[in-house]
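Chemist: Predicted model follows, preceded by the sequence.
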Amino acid sequence: MVSVPGTISFTINEIGTLDQIDSVHSAGEGKTYYFIKYEFKGSMDNPSGSKIHPHSLDETGWDPAPQFVVVLDDATKYQSVANSHLLAQKYDYETSSFRVNFQTNEWTNYVSVWRLDKGLQPTFALKYIDPNGNTKFIKVKS
């Protein structure tokens, strides 16, 4: 596998909380869903192919794609893909971030969701790997 740097852009549209995603999915007592609604765009100049990694949003593993995380007590918490998928459906967004690849040059709406204790003041960040292989974070300002 080959790791290749590329161009990616994110625009934050909303940061918030909700207690229920739909009539079936509730955060539960003492919990809430924290979310970031955002737009994503790659570039037609980004490399593609099965050997290029990361090749889609939310790809995890040895060379993970850029993704939003919550930082609490020096621990990184990744989004719930299932809850993100449900909330994306509610907003009529693309329902799978795995279908959003880095070669798209059109803005695509998506959402990241975390189920956490109510009343927290989490720090949101974009986590990515730089061209030298170092893990980096960009703090999301609310």
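Modeler: Done, it's in. Numbers count the residues shown, from 1 in each chain.
Chemist: buried residues in the helix or strand hosting Gly16?
Modeler: Element membership for Gly16 (DSSP states H and E) is strand 9-18. Residues of strand 9-18 classed as buried by neighbour count (16 or more other Cβ atoms under 10 Å): 10, 15. C-beta here means a position set from N, CA and C on the backbone, and glycine is covered the same way.
Chemist: So which other helices or strands are in contact with that strand?
Modeler: Contacts of strand 9-18 with other secondary structure elements, assessed using 3 or more Cβ pairs under 8 Å, 6 or more residues apart in numbering; DSSP states H and E, are made with strand 31-41.
Chemist: could you say what helices and strands the helix or strand just after the strand it packs on packs with?
Modeler: Per DSSP H and E, the first helix or strand lying C-terminal to strand 31-41 is strand 52-53. The helices and strands touching strand 52-53, judged by 3+ Cβ pairs under 8 Å, 6+ apart, are strand 2-3.
Chemist: got a list of what the closest residue to Tyr93 other than its chain neighbours touches?
Modeler: Using Cβ to Cβ, 6 or more residues apart in numbering and skipping the chain neighbours, the partner closest in space to Tyr93 is Asn109 (4.4 Å). Contacts here follow Cβ atoms under 8 Å, 6 or more residues apart in numbering; on that basis Asn109 touches 13, 37-39, 88, 91, 93-94.
Chemist: My guess is Pro66 contacts Ala125. True?
Modeler: No: the pair Pro66 and Ala125 does not pass the contact test of Cβ atoms under 8 Å, sitting 10.5 Å apart.
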